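[1] here is a sequence together with a model predicted from it:
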Amino acid sequence: MKYRVLKRCGGLKVSEIALGCEGLIGKTQDEFQAMVDRALELGINFFDMYTPNPEFRDSMGAALRGRRDKAVLQGHICPVWENGQYLRTRDLKKTKEAFEDQLKRLGTDYLDVGMIHYVDSESDFEKVFGGEIIEYCRMLRKQGKIHAIGLSSHNPAVARKAVETGLVDVLMFSVNAAYDMQPASEDCNDLWNLENYREGMGMDPERKALYELCERENVAIDVMKVFGGGDMLDEKLSPFGVAFTEYQCMEYCLTRPGVAAIMAGCHSIEEIEKLASYYEAAPEEKDYSTVLAGMEKFKFYGNCMYCGHCAPCSVGIHVADVNKYLNLALAQGEVPETAADHYRLLGHHASECVGCGKCENNCPFGVGIIDKMKKAVKVFGY
Ligand code: SF4
Ligand code: SF4
């Protein structure tokens with residue numbers, strides 16, 4: 001397992017592969033325990049718990065008894081359980097009761113991340129960030145009942161506004177190569193409507209800007225919908241008309257700027273093991289460029305997709321990282337401190353490029369890398 005740091009959460013380390021909760025709902029306690037045990041054995045330490053289902057919370061509390069410190073828990077604020085059903089609310093009284101219920105059932109006095117649940121519309125954003133909910137979250141953070149404030153969303157415009165408030169430490173966002181082509185929408189159903197995937201689409205600039213903003217502001221993204229609810233794995237349901245492998249979907253998400261972890265729901269120990277086997281997979285099994293670069297219908301060509309194919313550079317430059325920090329700086333219109341610092345820490349810099357062209361021959365997306373290196377020298381000074 002590999003780990004990444006939630007930079008605004010006291011340097012907390014989370015596993016790149018994290019477990020969503022949907023596959024655990026409805027399991028017996030023995031099954032639940034066995035799945036959590038296996039996840040922890042494999043090094044998975046990050047768990048999302050969006051559901052307010054009381055049985056789920058009790059089971060999770062029991063599964064982690066005596067080892068709370070081994071898990072990074074992301075619980076959601078605003079889902080409530082009413083009449084045996086999940087419900088999203090912005091009612092403060094209900095939200096408070098549901099939060100306290102969560103801590104009690106989990107047998108803990110804090111959540112690592114308190115995730116404000118599912119904000120997709122501008123009006124809901126105004127309600128949450130202009131009202132009692134965000135104040136409640138701030139108070140919880142001050143009291144140490146949550147260590148970080150998170151927000152879950154499918155809408156890049158709303159997510160960006162939220163990140164720009166400076167109050168959000170973690171963003172849970174729907175990311176995969178298909179959704180990354182879709183413009184902002186308040187209706188998440190637009191993401192899985194095949195009619196919305198039209199010829200000539202490529203990476204949506206607003207989504208790209210959101211990931212870069214998160215990277216720049218140290219807001220950690222944890223990814224939901226890695227497999228698009230399974231659509232990405234089915235050639236009939238994928239807008240690409242080609243089935244991605246699980247490993248390609250995972251690699252795609254883990255190479256987006258700002259991403260700390262991917263959250264995947266697993267229904268069995270075998271599914272957890274399959275996710276963890278990502279690290280043993282051959283590079284060609286993970287290589288999403290084989291699907292995206294050759295697309296005639298969609299236009300990923302010409303853009304750096306951070307796939308890493310250009311490596312190794314003749315002089316050791318990590319071209320994908322240079323491109324990433326360059327894009328952060330260009331998007332901002334000035335060099336942000338974080339990008340300057342990350343760039344400084346690279347082992348080799350763009351000024352060392354000898355223009356041999358080896359990387360360009362290897363780039364499946366036809367990126368003009370030599371020009372990019374020259375631009376990076378102009379922007380960063382070396
Ligand atoms: S420059 Fe090309 S090969 Fe290198 S990371 Fe970007 S897209 Fe991939
Ligand atoms: S052209 Fe520059 S960046 Fe590309 S391999 Fe050669 S030295 Fe490295």
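    Everything's here; your move. In this text the structure is predicted, and so the values were computed from the model without any measurement. Ligands and ions are numbered 1, 2, ... in the order given.

[2] quick one: name the residues of the stretch 201-350 of the chain near ligand 1.
    Residues of the stretch 201-350 of the chain lying close to ligand 1 (CB under 6 Å from any ligand atom) are 304-310, 319-320, 323. C-beta coordinates here come from the backbone N, C-alpha and C atoms, glycine included.

[3] next step: those residues restricted to helices.
    Using DSSP state H, the subset of those located in helices is 319-320, 323.

[4] so what does the closest residue to ligand 1 within the stretch 151-300 of the chain have for phi and psi?
    Closest contact between the stretch 151-300 of the chain and ligand 1, by CB to the nearest ligand atom, is at residue 289 (6.6 Å). Phi and psi for residue 289, reported as degrees, to the nearest 10, are phi -70, psi -30.

[5] element containing residue 13?
    strand 12-15 (DSSP states H and E).

[6] average model confidence for whichever strand or helix holds residue 208?
    In the assignment (DSSP H and E), residue 208 maps to helix 205-217. If you average the pLDDT over helix 205-217, you get 93.

[7] cool, and stretch 337-346?
    In this model, stretch 337-346 has a mean pLDDT of 89.

[8] what does it contact?
    Outside stretch 337-346, the residues within contact range by CB atoms under 8 Å, 6 or more residues apart in numbering are 215-218, 317-318, 321-322, 325, 328-329, 332, 349, 376, 380.

[9] same thing but 10 Å
    7, 212, 215-218, 316-318, 321-322, 324-332, 334-336, 349-350, 376, 379-382 (CB atoms under 10 Å, 6 or more residues apart in numbering).

[10] okay, and which of those map to helices?
    212, 215-217, 321-322, 324-332, 376, 379-380.

[11] the strands in this protein, which residues?
    Using DSSP state E, the strands of the chain run over residues 3-6, 12-15, 17-19, 46-49, 72-77, 79-82, 85-88, 113-116, 149-153, 170-174, 220-224, 259-264.

[12] before we move on, the earlier item: which of the ones in helices among the contacts of stretch 337-346 are buried, as a PyMOL select command?
    Listed next is the PyMOL selection for buried residues among those, using 16 or more other CB atoms under 10 Å:
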select buried, resi 212+215+216+217+321+322+324+325+326+327+328+329+331+376+379+380
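
[13] going by distance to ligand 2, which of the residues of the stretch 201-350 of the chain next to ligand 1 wins?
    residue 319 (5.4 Å).

[14] which non-adjacent residue is nearest the closest one?
    residue 310 (4.5 Å; CB to CB, 6 or more residues apart in numbering).

[15] what's the local residue count around the one you found?
    The number of residues packed near residue 310 is 22, by other CB atoms under 10 Å.

[16] quick one on the thing from earlier: can I get the ones in helices among the residues of the stretch 201-350 of the chain next to ligand 1 in CSV with distance to residue 342 and neighbour count?
    Below are these laid out as CSV (distance: CB to CB, whole Å; neighbours: other CB atoms under 10 Å):
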residue, distance to residue 342, neighbour count
319, 14, 27
320, 12, 19
323, 12, 22
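
[17] contact partners for residue 382?
    343-344, 349-352, 376.

[18] one more time with 6 Å, if that's ok
    Residue 382 makes contact with 349, 351 under the criterion CB atoms under 6 Å, 6 or more residues apart in numbering.

[19] ok, residue 231 next?
    Contacts of residue 231 by CB under 6 Å, 6+ apart are 237-238.

[20] what pLDDT is listed against it?
    Looking at residue 231, its pLDDT stands at 91.

[21] next one, pLDDT for residue 281 please.
    96.

[22] ok, now which ones touch it?
    Contacts of residue 281 (CB under 6 Å, 6+ apart): residue 247.

[23] distance of it from residue 251?
    9 Å (CB to CB, to the nearest Å).

[24] same deal with residue 216?
    Computed as CB to CB, the residue 216 to residue 251 distance reads 23 Å.

[25] ok, now residue 11?
    Residue 11 is 25 Å from residue 251, by CB to CB.

[26] so these two - more neighbours on which side?
    More neighbours surround residue 251 than the other of residue 11 and residue 251, with 22 against 8 (other CB under 10 Å).

[27] buried residues in stretch 260-276?
    260-266, 271-272, 275-276.

[28] now that stretch: how far from the chain's centre is it?
    15 Å (CA atoms, centre = their mean, to the nearest Å).
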